[in-house]
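Asker: Need a 3D model of the sequence below.
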Amino acid sequence: MKEAYQIVVFIAFLAGFSTLATAQEEPQFVVSEGQEHIQLNLEGLNEYNAGHYEKAIEFFKKSVGYDSTYTKAYFNMGLSYFKLRRFNESIQSFERVLELDSTVNEAHYYIPFCYYYWGDMEKAKGAYREAIQVFPKKAELYYHLTRILEQEGHEHEELQVYNALLENLPNEELALYNRSVLLNKAQEFELAIRDLDKLIQVNSTNSKAWVERGVMKINLNRIEEGCVDLLRAQELGNTSPAVLELIPKHCHNPDQE
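Answerer: Below is the predicted model:
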């Protein structure tokens with residue numbers, strides 16, 4: 001039977017990144033002769049869970065010394081190296097896992113994050129695309145990829161990634177908002193408004209969506225509709241420049257009478 005590996009979600013939005021890693025535990029059993037690799041992996045797990053990553057790596061290395069095909073120890077070693085920000089060695093460990101067992105898909109999940117934090121964005125992009133094929137409903141993979149594409153100014157590719165994300169996760173709020181911004185820049189105004197319609201349907205208290213849609217409608221000379229959106233954003237507590245500047249200029253606000 002294939003051993004179970006858990007994926008740790010990488011939180012990745014505009015403000016930065018945080019990572020949590022959970023090493024792979026063994027079932028409870030009595031270690032017998034020929035199972036030293038399992039015992040050493042267990043000892044490595046104890047060190048890992050205590051935050052002693054260097055010590056953990058020593059045990060995981062000893063474990064694969066007894067059994068060079070033991071994927072769990074390589075996987076845990078990859079997580080430990082990641083914790084120490086030794087991303088090259090982390091990649092090597094996860095790639096070793098895949099060499100031994102190509103069905104351990106979880107290794108595909110971690111490799112692009114290693115490249116990302118190591119600073120190799122070109123390899124990160126390819127690895128994120130591979131990971132998305134394996135885990136099409138992991139939104140964080142798409143967001144990291146779009147962040148790289150945004151930094152490189154590849155807006156068309158960024159839009160394609162959001163299209164793929166929303167095919168798999170149609171109610172993903174941040175993706176709907178970000179795609180609407182890209183569509184607006186591409187002068188696909190009705191498509192952008194359609195995304196904001198969906199976003200407001202998903203979360204009617206998202207004031208940024210009301211503002212963005214209101215500004216677009218005013219720019220399309222749909223003043224009355226745009227003012228409805230801006231006033232709703234104001235009711236929700238939004239005090240962005242668009243609200244403060246466009247409402248007095250374009251909108252009749254009964255509260256100000």
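Asker: use CA for all of it now, contacts and neighbours both
Answerer: OK.
Asker: nearest residue to G214 other than its sequence neighbours?
Answerer: G226 (3.9 Å; CA to CA, 6 or more residues apart in numbering).
Asker: Kindly apply the preceding question to E173 instead.
Answerer: With CA to CA, 6+ apart as the criterion, E173 has its nearest non-adjacent residue at 5.9 Å, and that residue is L199.
Asker: Next up, the contacts around the one you found.
Answerer: Contact criterion CA atoms under 8 Å, 6 or more residues apart in numbering gives N171, E173, L176, Y177, N206, A209 as the residues in contact with L199.
Asker: So which of those belong to helices?
Answerer: Assignment to helices by DSSP state H places the following of the contacts of L199 there: E173, L176, Y177, A209.
Asker: follow-up on the earlier one: check contacts around the residue nearest to G214.
Answerer: By CA under 8 Å, 6+ apart, G226 lies in contact with R213, G214, V215, M216, K217, I218.
Asker: And K217, by the same measure?
Answerer: Listed by CA under 8 Å, 6+ apart, the contact partners of K217 are I223, E225, G226.
Asker: so E58, which of the three states?
Answerer: Secondary structure of E58, reduced to three states by DSSP: H, G, I helix; E, B strand; the rest coil: helix.
Asker: roughly how far apart are Y53 and Y162?
Answerer: 36 Å (CA to CA, to the nearest Å).
Asker: which one of these two has more residues nearby?
Answerer: For Y53 versus Y162, the count of surrounding residues by other CA atoms under 10 Å is larger for Y162: 25 against 22.
Asker: for that one, phi and psi?
Answerer: The main-chain torsion angles of Y162 are listed as degrees, to the nearest 10 and equal phi -60, psi -40.
Asker: for the one 10 residues further on, same thing?
Answerer: E172 adopts backbone torsions of phi -70, psi 110, taken as degrees, to the nearest 10.
Asker: Surely it is in contact with A164?
Answerer: No - taking CA atoms under 8 Å as the contact criterion, E172 and A164 are not neighbours in contact, 11.6 Å apart.
Asker: related to what we said a few turns ago, and the residue nearest to E173, what element?
Answerer: L199 is part of helix 189-202 when elements are defined by DSSP states H and E.
Asker: and that helix, how far out from the chain's middle?
Answerer: Between the centre of helix 189-202 and the centre of its chain there are 22 Å (CA atoms, centre = their mean, to the nearest Å).
Asker: in that helix, what counts as buried?
Answerer: Buried positions in helix 189-202, judged by neighbour count with 16 or more other CA atoms under 10 Å: F189, A192, I193, D195, L196, D197, K198, L199, I200.
Asker: Distance of the fourth one relative to P136?
Answerer: Which is D195. With the distance defined as CA to CA, D195 ends up 20 Å from P136.
Asker: And for the first one?
Answerer: With the distance defined as CA to CA, F189 ends up 28 Å from P136.
Asker: again with the fifth one
Answerer: L196 sits at a distance of 23 Å from P136 (criterion: CA to CA).
Asker: picking that back up, so which strand or helix has the residue nearest to G214?
Answerer: In this structure, G226 is located in helix 223-235 according to DSSP H and E.
Asker: same for the next helix or strand after that helix, what does it pack against?
Answerer: The C-terminal neighbour of helix 223-235 among helices and strands, as given by DSSP H and E, is helix 241-250. If you count contacts as 3 or more CA pairs under 8 Å, 6 or more residues apart in numbering; DSSP states H and E, helix 241-250 packs onto helix 207-219, helix 223-235.
Asker: What residues sit buried inside helix 241-250?
Answerer: By neighbour count, and taking 16+ other CA under 10 Å as the criterion, the buried residues in helix 241-250 are V243, L246, I247.
Asker: Sketch out the low-pLDDT regions of this structure for me.
Answerer: Within the chain, the segments meeting pLDDT under 70 span 1-33, 253-257.
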